[in-house]
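A.B. asks: model the structure of this input:
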Amino acid sequence: MIVHVLALLKTWFDIIRLRKGPDAVPRSPVVLALAVALWLASGIAFVLMIEGFDMKDFIVGILTGVTVLLCYAAILNFCGKAERTIQTLSAIVGCGALLTFAMAAGNLILVPLVGAGLTGNIVFLIFLWSVPVEGHIISRAIDRHFLFGLALALAALFFQIYVDLAVNPLETP
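C.D. replies: Numbers count the residues shown, from 1 in each chain. Model prediction:
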C-alpha cells in the first residue's frame, strides 16, 4: 500500500514538473478520494501556517475549488473525453494538494530565514505555477495544445476569483 501511495506522489510530482500527464494517474475513485483527502489536509495546513487566513477562507477555497473542478469535468464532457474525468480530476486535485503543502511548508521554513515579504513572493510564485500545471493537465486530457489548456486554466483562475469575491466580498475601509 505504501509503495502505491509513494508511486502516486511521484507521479503527481512528475505532472507538476510537466513531465507526465493525467493519463499516468490510475483511473480509480480511491485515488480521487485520496487526492481529495490530501487536498483538504493541505488546505487546513495552509490556513494554520499562513497568517491572515482562517477557516472561512478554507471553506470558501473548497467552494471555489469544487466549482472549478465541475467546470473542468464539463469541459471534458464537452470535448468527448468524459472517460478521463476521474484521472484528470485526480491529477488536478493531487497536484494542487502538493503545491499547497509546498506553499505552507515554504512559509513555515522561509519566514524565519528571509522574512515575510520575500517568503510571500515565493509562496505566490508557487501558486502561480499551479496555473500552467492545470493547463498542462487539461490540455493533455482533451488532446489539445498546451496553450489552449493554459487559456482554460487562466479562465478557471479568473472564474475562481469571481466566485471567491461573490461569496466573500472585499471589505471596504
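A.B. asks: what segments of the protein are helices?
C.D. replies: 2-16, 29-49, 55-78, 85-114, 116-141, 146-167 (DSSP state H).
A.B. asks: list the contacts of the closest residue to Ala45 other than its chain neighbours.
C.D. replies: Nearest residue to Ala45, sequence neighbours excluded (Cβ to Cβ, 6 or more residues apart in numbering): Ala104, at 4.5 Å. (Glycine included, C-beta is placed from N, CA and C.) Contacts for Ala104 (Cβ atoms under 8 Å, 6 or more residues apart in numbering) come out as 42, 45-46, 48-50.
A.B. asks: picking that back up, buried deepest among the helices of the chain, which one?
C.D. replies: helix 85-114 (a mean of 20; mean count of other Cβ atoms under 10 Å).
A.B. asks: let me see the contact set for the residue with the shortest distance to the centre of the chain.
C.D. replies: Residue closest to the average C-alpha location in the chain (Cα atoms, centre = their mean): Gly96, at 2.5 Å. Residues in contact with Gly96 (Cβ under 8 Å, 6+ apart) are 39, 42, 65, 130, 134.
A.B. asks: the last one and Leu48: what is the separation?
C.D. replies: When Cβ to Cβ, to the nearest Å is applied, the distance between Glu134 and Leu48 equals 25 Å.
A.B. asks: which stretches of this protein have low pLDDT?
C.D. replies: Within the chain, the stretches with pLDDT under 70 are 171-173.
A.B. asks: mind running it again at 90?
C.D. replies: For the chain, the stretches with pLDDT under 90 are 1-3, 48-57, 107-108, 111, 115-116, 163-173.
A.B. asks: for Pro22, which of the helices of the chain is the nearest?
C.D. replies: helix 85-114 (3.8 Å; Cβ to Cβ).
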